[in-house]
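[1] What follows is a predicted protein model with its sequence.
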Amino acid sequence: MGVYIAVFLFVIVAIIFYLWLTYNSLIVLRERIKEALSSIDVQLKRRADLIPNLVETVKGYAKHEKSVFETVTKARSAMMGAGTLKEKAAAEDMLTGALKSLFAVAEAYPDLKASDNFKQLQEELTDTENKISYSRQFYNSNVLDYNAKIQTFPANLIAKRFKFTEKEFFEAEEAEKKEVKVSF
């Protein structure tokens, strides 16, 4: 009889230990997602902060390109006001398109392209774009791990009990997925 009680207690302790480990691992994964999303926000803010300087630099050379400046300003405002993940992704795509237009304008002005200020801003923006890309990959990797964990048995039972819900991926919009065509 003592053996049965010992086995029973061991099983109970093992179950409690498993529940504790699983719950804590879900918490860690959820916090990594928050950290990754925060990293994306920091980089998006950094990019948004660079844009006014870039616009002012280009304005000095290309005064008649008003519509491009308005588009960039509008896209930056959308980025700063985005709240949800989908809004951020859409605003990021809008801003990326606006910046492409701005750089296309810059191509028409050799003096602008040669400007040290413009070159520095362009390098900082490229660096920031790379950091945004890395941050998105880090976020999506953590979302993948988290979503897989809350969907697999028996962790899914614990996830349901403690209301761990699936997280959204930070996905590229259709415009970003299109093939880039280069012609000479």
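    Ah, there it is.

[2] can you tell me which residues contact the residue lying farthest from the centre of the chain?
    For the chain, the C-alpha lying farthest from the average C-alpha position belongs to Met1; by Cα atoms, centre = their mean, that distance is 58.3 Å. Applying Cβ atoms under 8 Å, 6 or more residues apart in numbering, we find Met1 in contact with no residue. Backbone N, C-alpha and C define where each C-beta goes, glycine included.

[3] Phe170 too?
    By Cβ under 8 Å, 6+ apart, Phe170 lies in contact with Leu37, Ile40, Leu85, Lys88, Ala89, Arg136, Tyr139, Asn140, Val143.

[4] Mind giving me the packing neighbours of the one helix or strand Gln120 maps to?
    When elements are defined using DSSP states H and E, Gln120 is found to belong to helix 116-151. If contacts are counted by 3 or more Cβ pairs under 8 Å, 6 or more residues apart in numbering; DSSP states H and E, helix 116-151 sits against helix 2-61, helix 85-107, helix 155-161.

[5] okay, those helices, which one's buried deepest?
    When neighbours are counted by mean count of other Cβ atoms under 10 Å, the highest per-stretch mean among the helices and strands packed on helix 116-151 falls to helix 85-107, a mean of 18.

[6] and the angle for that helix with helix 2-61?
    With axes from the mean of the first three to the mean of the last three Cα atoms, to 10 degrees as the basis, helix 85-107 and helix 2-61 are set at 30 degrees to each other.

[7] Pull the distance from the helix or strand following helix 85-107 to the chain's centre.
    On the C-terminal side of helix 85-107, the closest following helix or strand by DSSP H and E is helix 110-114. The chain centroid and the centroid of helix 110-114 are separated by 32 Å under Cα atoms, centre = their mean, to the nearest Å.

[8] Next one: Ile40 from Tyr139, what distance?
    Plainly put, Ile40 is 6 Å away from Tyr139 if you go by Cβ to Cβ, to the nearest Å.

[9] Report the buried residues of stretch 62-77.
    Within stretch 62-77, the residues that count as buried by 16 or more other Cβ atoms under 10 Å are Ala62, Glu65, Val68, Phe69, Thr71, Val72, Ala75, Arg76.

[10] Would you mind putting those into CSV with pLDDT alongside?
    CSV is the format used below for the buried residues of stretch 62-77 (pLDDT from 0 to 100):
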residue, pLDDT
Ala62, 76
Glu65, 75
Val68, 83
Phe69, 83
Thr71, 87
Val72, 88
Ala75, 88
Arg76, 88
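
[11] These in helices, which ones?
    In helices, judged by DSSP state H, the following of those are found: Val68, Phe69, Thr71, Val72, Ala75, Arg76.
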